[in-house]
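1. 3D, please:
(one chain, ligands or ions: 1)
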Amino acid sequence: MTKVNRLTVFCGSSENVDRLYFEAVEELGKQLALQGIEVVYGGGNVGLMGALARTVLKHGGKVTGIIPRKIYDNVEHVELSELIIVETMHERKAKMYDHGDAFIALPGGIGTLEELTEIFTWYQLEYHNKPIALLNTKNYYAPYHNMLDHMVSEGFLARQYMEPLLSHEDPIQLLEMIKNHSVPKMNKWNQDDLTERI
Ligand code: AMP
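-> The predicted structure is shown next:
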């Protein structure tokens, strides 16, 4: 079981996407507000980022944005519950990862993919043992799943490192999966564990 007080969300900033993606985000945002789960995200006002923040706030939830000054100075803003302005992207991501009890990646572009893949890497390196969930609207993450399976079958990724990964197209079910999931601590640096993997 994972107690989720704060959820860190990675998501796309593009406006030019199918309405279905916005609908899924709005459903997720509403649920998070109703369930009293605080949202931590990149502080953006556009695309799925903006839609998520506005929906959570509209339903009485709490949203914390973490944004580098360079981006903050160049975009319009949603009035958030809390805004943390940092100097670098690395600082932003470290804070986002630290603040959440679990992570959800919504559909997104390379920025989203970077954050998702980085937090996945950090599990493998024993920096956390929090669930990492994919909101699989329109089966958006099928190619990512295929790539991971390919890494496993070619021996570049040990299957045990997939432990934190959850995926569902329905936001409510995905939240339930996160809450019901316990991610085992990795033991990468333990010799026994290493021999087991070979
Ligand atoms: P992408 O998935 O490529 O759309 O990138 C999403 C990521 O882009 C976010 O997590 C941010 O790092 C960054 N980003 C792009 N546009 C904005 C914006 N207007 N405000 C804040 N962050 C943004």
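2. ok, which stretches of this protein are strands?
-> Taking DSSP state E, the strands of the chain run over residues 6-10, 38-41, 63-68, 82-86, 102-105, 132-135, 165-168.
3. Sheet partners, orientation included, of the fourth one?
-> Translated: strand 82-86. If you go by DSSP bridges, strand 82-86 pairs up with strand 63-68 (parallel).
4. Kindly report the same for the fifth one.
-> Within its sheet, and counting by DSSP bridges, strand 102-105 is paired with strand 6-10 (parallel), strand 132-135 (parallel).
5. again with the second one
-> Each strand that pairs with strand 38-41, with its direction, by DSSP bridges: strand 6-10 (parallel), strand 63-68 (parallel).
6. Need the mean per-residue confidence for the last one.
-> In this model, strand 63-68 carries a mean pLDDT of 98.
7. If you drop the residues flanking it in sequence, what lies closest to the residue nearest the centre of the chain?
-> The centroid of the chain falls nearest to residue 104 when counting by Cα atoms, centre = their mean (3.0 Å). Among residues not flanking residue 104 along the chain, residue 133 sits closest, at 4.7 Å (Cβ to Cβ, 6 or more residues apart in numbering). For the C-beta atoms, the positions are set from N, CA and C on the backbone; glycine is no exception.
8. Those residues of this structure touching the ligand, which are they?
-> Proximity of the chain to the ligand (Cβ under 6 Å from any ligand atom) is limited to residues 12-14, 42-46, 67, 71, 75, 108-112.
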